[in-house]
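Q: Provided below for reference: sequence and predicted model.
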Amino acid sequence: MEMQLELLEASKSALIERLRSHPFLRRCREGAVELDELKVFLAQQGLYSTYFTRYLCAMMANLPGNDEVMALAENLFEELGLEPDSPQPHHLVYRYMLQSFGVRLEDARPLAGTSQLIDSMFRHCRDSRPSAGLGALCLGAEALVPALYTDIVAGFRACGVADKEIEFFLMHIECDDGHAETIRDIMVDIATLDPGQIDIMLGTGSELVDARMRFFDSIEEAYRETLHQPVTAAEPEAIPA
């Protein structure tokens, strides 16, 4: 059990470092990101996160027993605002944040990297091998959130955004460590019974980080394209005869 835990923790650290090496997150940490680019991130992250409860439910359906389902149900209840200390569904907190920045998911279309990230997560969560979905959701998502959102928060603060406007990210920096540990503990139990499962977990986690890197690539590319769009000159007003 100790060996499996060490492998998972080492993999988590390596995946976090790989993710944080992406230029988008590096620019956030350095305060070299523009607010308009962060708004592109907000829209695309929102489209990806819209499916989060469905990722979780798809993966829970493949868990080996009710004990594991109940453990992850606590994460689901918190996301849905059904826990006593989480009175508001997280998707509503995110939507209110979007509104404060003038961003509407209804107006956003998923970029190529966003679509690939969604498809990759769904594919692994629907895999009949629970180790695939667990690796994707833990190493490829929940375990990354505190570091990922810490960099995002640094970017917003550098743009002069007050913390009250980015409460969603600050909240998840605190709570998602616990979510990741819940999933990790299930992974350790499964890998202890069948050591061969650890490779599946590590592989899917790595694949999701690759998909997340392409997600950031798409955001950077989309933002660059907006900078080079030609400005249409306004037609001169008609002069009364």
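A: Looks like it came in fine. Numbers count the residues shown, from 1 in each chain.

Q: Where does the prediction get shaky in the chain?
A: 75-87, 175-178, 230-241 (pLDDT under 70).

Q: now do 80
A: Applying pLDDT under 80 to the chain flags residues 1, 73-91, 174-179, 229-241.

Q: Need the nearest residue in space to the residue most central in space within it, chain neighbours excluded.
A: In the chain, the C-alpha nearest the mean C-alpha coordinate belongs to Ala141, at 5.7 Å (Cα atoms, centre = their mean). Once flanking residues are discounted, Ala141 sits nearest to Leu208: 6.5 Å by Cβ to Cβ, 6 or more residues apart in numbering. For the C-beta atoms, the positions are set from N, CA and C on the backbone; glycine is no exception.

Q: just checking, that neighbour touches Phe122?
A: No - with contact defined as Cβ atoms under 8 Å, Leu208 does not count as touching Phe122 (11.2 Å).

Q: quick one: the nearest residue to Pro195 once chain neighbours are set aside from Ile198, how far?
A: What sits nearest to Pro195 in space, not counting adjacent residues and going by Cβ to Cβ, 6+ apart, is Gln4, at 7.4 Å. Computed with Cβ to Cβ, to the nearest Å, the distance linking Gln4 and Ile198 is 6 Å.

Q: Mutual contacts of the two, please.
A: Shared contacts of Gln4 and Ile198 (Cβ atoms under 8 Å, 6 or more residues apart in numbering): Ala191.

Q: Quick one: residues contacting Thr204.
A: Thr204 sits in contact with His124, Ser131, Ala132, Gly133, Gly135, Ala136, Leu139, Gly140, where contact means Cβ under 8 Å, 6+ apart.

Q: Go again with 10 Å.
A: Applying Cβ atoms under 10 Å, 6 or more residues apart in numbering, we find Thr204 in contact with 120-121, 123-125, 127, 129, 131-140.

Q: now Met70
A: Contacts of Met70 by Cβ under 10 Å, 6+ apart are Met60, Leu63.

Q: Run the chain-centre distance for the one helix or strand Arg224 maps to.
A: Using DSSP states H and E, Arg224 sits in helix 197-227. Mean-position distance between helix 197-227 and its chain equals 10 Å (Cα atoms, centre = their mean, to the nearest Å).

Q: can you pull the buried residues of it?
A: Within helix 197-227, the residues scored as buried using 16 or more other Cβ atoms under 10 Å are 197-198, 200-220, 222-223.

Q: try stretch 9-19
A: Ser11, Lys12, Leu15, Ile16, Leu19.

Q: In a helix, the first one, correct?
A: Yes - read with DSSP: H, G, I helix; E, B strand; the rest coil, Ser11 is one of the residues of a helix.

Q: Who's the closest spatial neighbour of it, skipping the chain neighbours?
A: Closest to Ser11 by Cβ to Cβ, 6+ apart is Leu202, at 5.1 Å.

Q: Surely that neighbour touches Leu8?
A: Yes - contact criterion Cβ atoms under 10 Å: Leu202 and Leu8 qualify, at 7.8 Å.

Q: show me what contacts Ile198?
A: Applying Cβ under 10 Å, 6+ apart, the residues contacting Ile198 are Met3, Gln4, Leu7, Leu8, Ser11, Ser131, Gly135, Met187, Val188, Ile190, Ala191, Thr192.
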